[in-house]
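[1] compute the structure for the input listed below.
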Amino acid sequence: MSRLRSSTWWDDPAKAGFIARHHMRQLGLTRDQLRGKPVVGICNSWSELTPCNAHLRVLAESVRRGITATGGLALEFPTMSIGEPLMRPTSMLFRNLMSMDVEETVRANPLDAVVLLGGCDKTLPAQLMGAVSVDLPTIALSGGPMLTGRFRGETVGSGTDIWRMSEDRRAGRITQADFDEFEGCLARSAGHCMTMGTASTMGSVTEALGLSLPGAAALPAADARRAQLAEQSGARAVELAREGLRPSHILTPTAFTNAITVNAAVGGSTNAVLHLLAIAGRAGVPVTLDDFDTIGRNVPLLADLMPSGRFLMEDFAYAGGLPALMTELGDLLDRTALTVTGRTLGDNLEGHRTWNREVIRTIDNPVQPADSGTAVLRGNLAPGGAVVKQSAASPHLLRHRGPALVFDSIEDYLTAADDPDLPADADTVLVVRNLGPRGYPGMPELGNLPLPAKLLTQGVTDMVRISDARMSGTAYGTVILHVAPEAAAGGPLALVRTGDTIELDTPARTLHLDVDDAELTARQTDWTPPTRPADRGWTRLYTDHVLQADQGADLGFLVGGSGDRPAKAPF
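    Numbers count the residues shown, from 1 in each chain. The predicted model follows:
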């Protein structure tokens with residue numbers, strides 16, 4: 001075992017070492033307990049302001065047991081916690097800030113390895129971005145999904161059924177009392193959304209990247225085996241510190257190819273595109289937006305999970321979870337990829353089987369055929385690219401031509417959506433702009449626009465919707481997202497006018513505005529950039545430096561790693 005990084009603090013005979021050691025005595029530690037033991041940080045995003053992370057305080061105790069039993073010293077620390085349900089204007093505005101918190105805390109302290117405990121959509125990606133930047137030995141564990149929702153004898157899923165029931169209420173198909181009762185039936189336990197939303201997706205792609213233990217993605221938060229995984233993760237972190245196995249050894253181009261493949265096979269969230277691009281940028285691995293299309297075209301949908309299918313994460317776990325699904329993928333995965341276990345992906349998958357063929361299908365009998373996942377669109381409306389989740393879209397709308405109805409803000413659209421005289425029909429293409437990284441700011445989950453009320457009452461269930469926003473991984477519909485460059489950056493989306501014809505051809509991967517170049521040039525000349533959303537603080541820093549969606553919406557100066565070299569002692 002090489003010299004532990006933490007010994008730079010503990011073994012220093014000068015005043016700096018004395019100060020570091022004597023303050024650890026405040027925790028009841030002796031000098032012997034600091035000598036020769038790997039120090040493992042438990043990076044915990046616990047917060048009651050992030051309800052799906054509120055159980056992580058308990059889970060951290062299981063991690064601590066594993067660290068201690070394996071001869072390490074566990075030191076738990078908090079970081080910023082970001083949750084989609086409560087934060088305004090959007091938690092995505094703060095993902096990069098949380099990643100900076102994680103990066104600087106890990107790098108500045110006497111840690112030899114770190115266990116990442118996250119859960120909600122942005123916490124795990126932010127932790128991975130920060131930890132990968134430092135490149136200390138790292139293992140990740142999500143808090144796990146909630147138990148299955150139950151409403152009047154029916155199975156219901158977080159997010160997916162919220163969107164459905166919300167539209168039913170607007171159309172008058174259910175009452176407010178029905179909706180209120182439904183509210184109390186959905187979140188039945190600790191954990192993140194139990195659909196294949198962004199949280200479940202990021203748990204899955206983290207496991208596929210090789211940064212978490214096998215089975216970590218799917219087990220419910222309330223399952224005792226989640227606590228066992230936590231203990232095992234703590235124990236493995238001590239071994240990682242001794243072995244010197246770092247994320248840079250695991251996060252190869254092959255690992256990202258495996259993660260993109262799994263994202264397609266599980267019907268993963270489009271938000272995974274942003275997060276994986278950002279993680280790859282921190283790791284210095286060349287991953288591009290087009291890789292999600294090129295790789296995903298060859299992958300069928302094998303997991304029958306909401307919002308692309310019928311079941312929920314609890315069913316997925318009991319059917320065998322991600323190791324079973326990855327086993328079904330066969331040669332579509334590179335099984336030689338190294339993982340955090342110290343073994344290859346192929347080694348990790350030995351002996352795993354599928355126990356429910358309705359939930360996890362075979363390559364020969366998929367839920368949907370290959371090329372049903374995230375498609376990348378380009379054209380004069382999205383020269384930097386846009387995405388659509390094919391598995392959650394209406395097949396008849398994946399090729400569509402219609403007139404645009406344009407709104408400059410989400411507030412304007414939501415007001416108009418309930419207008420019985422809104423000039424829209426089923427062929428209309430709804431366009432809402434200024435919802436991108438700079439424009440909102442923060443790129444909110446508002447892309448799955450509610451349909452106009454008058455069309456809901458006519459039985460319309462889907463329309464083509466285009467924006468520079470994101471949408472929840474739990475959402476569905478023919479929704480074009482992440483249009484780049486965004487409107488607030490002067491992208492072509494800013495130039496669309498009501499009545500312009502837009503053509504979507506998903507099989508051809510095109511998104512075209514039927515306006516000639518000369519007219520677009522004239523419109524660009526007349527365009528005025530929007531007012532800066534903030535003159536101070538984090539929002540000012542963010543909007544000044546955020547990259548566009550096709551680059552993962554990270555801050556430009558954070559791309560690439562900082563390394564684990566600690567700062568010089570201050571004395």
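[2] could I have the biggest helix by length in the chain exported to CSV, CA atoms only?
    Selection of the longest helix in the chain by residue count, based on DSSP state H, yields helix 224-243. Output of helix 224-243 as CSV, limited to C-alpha atoms (Å, rounded to 0.1, in the frame of the first residue of the first chain):
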residue,chain,number,x,y,z
ALA,A,224,-32.9,-3.9,4.4
ARG,A,225,-30.6,-4.9,1.6
ARG,A,226,-30.0,-1.2,0.8
ALA,A,227,-28.4,-0.9,4.3
GLN,A,228,-26.3,-4.0,3.6
LEU,A,229,-25.1,-2.4,0.3
ALA,A,230,-24.2,0.7,2.3
GLU,A,231,-22.1,-1.3,4.7
GLN,A,232,-20.4,-3.1,1.8
SER,A,233,-19.8,0.2,0.0
GLY,A,234,-18.1,1.5,3.1
ALA,A,235,-15.9,-1.6,3.4
ARG,A,236,-15.0,-1.4,-0.3
ALA,A,237,-14.0,2.3,0.1
VAL,A,238,-11.3,1.3,2.6
GLU,A,239,-10.0,-1.3,0.1
LEU,A,240,-10.1,1.3,-2.7
ALA,A,241,-7.9,3.6,-0.6
ARG,A,242,-5.4,0.8,0.0
GLU,A,243,-5.4,-0.3,-3.6
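[3] for the helix or strand following that helix, buried residues please.
    Next along the chain after helix 224-243, taking DSSP states H and E as the criterion, comes helix 247-250. Of all the residues in helix 247-250, those buried under the rule 16 or more other CB atoms under 10 Å are Pro247, His249, Ile250. C-betas here are computed from N, CA, C, even on glycine.
[4] again with stretch 544-563
    Quick answer for stretch 544-563 (16+ other CB under 10 Å): 546-555, 558-559, 561.
[5] hang on, the earlier thing: same list (the buried residues of helix 247-250) but as a markdown table, adding distance to Glu328.
    Rendered in a markdown table, the data for the buried residues of helix 247-250 read as follows (distance: CB to CB, whole Å):
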| residue | distance to Glu328 |
| --- | --- |
| Pro247 | 27 |
| His249 | 27 |
| Ile250 | 23 |
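[6] show me where the stretch 101-250 of the chain has its helices.
    Along the stretch 101-250 of the chain, counting by DSSP state H, counting those that start in this stretch, helices occupy 123-134, 160-170, 176-186, 198-209, 224-243, 247-250.
[7] how about Trp163: what's its closest non-neighbour residue?
    Spatially, and ignoring its direct neighbours in sequence, Trp163 is nearest to Ala475 (5.6 Å; CB to CB, 6 or more residues apart in numbering).
[8] wait, Thr160 touches Gly473, no?
    No - if you go by CB atoms under 8 Å, Thr160 and Gly473 don't touch, sitting 9.5 Å apart.
[9] mutual contacts of these two, please.
    Jointly contacting Thr160 and Gly473 under the rule CB atoms under 8 Å, 6 or more residues apart in numbering are Thr195, Gly197, Pro307.
[10] are any of those buried, and which?
    Buried positions within the shared contacts of Thr160 and Gly473, assessed by neighbour count (16+ other CB under 10 Å), are Thr195, Gly197, Pro307.
[11] isn't the last one up against Thr195?
    To tie it back to what came earlier, the one meant is Pro307. Yes - assessed by CB under 8 Å, Pro307 is found in contact with Thr195 at 6.1 Å.
[12] so what's in contact with the two at the same time?
    Counting by CB under 8 Å, 6+ apart, the shared contacts of Pro307 and Thr195 are Gly157, Gly159, Thr160, Gly473, Thr474.
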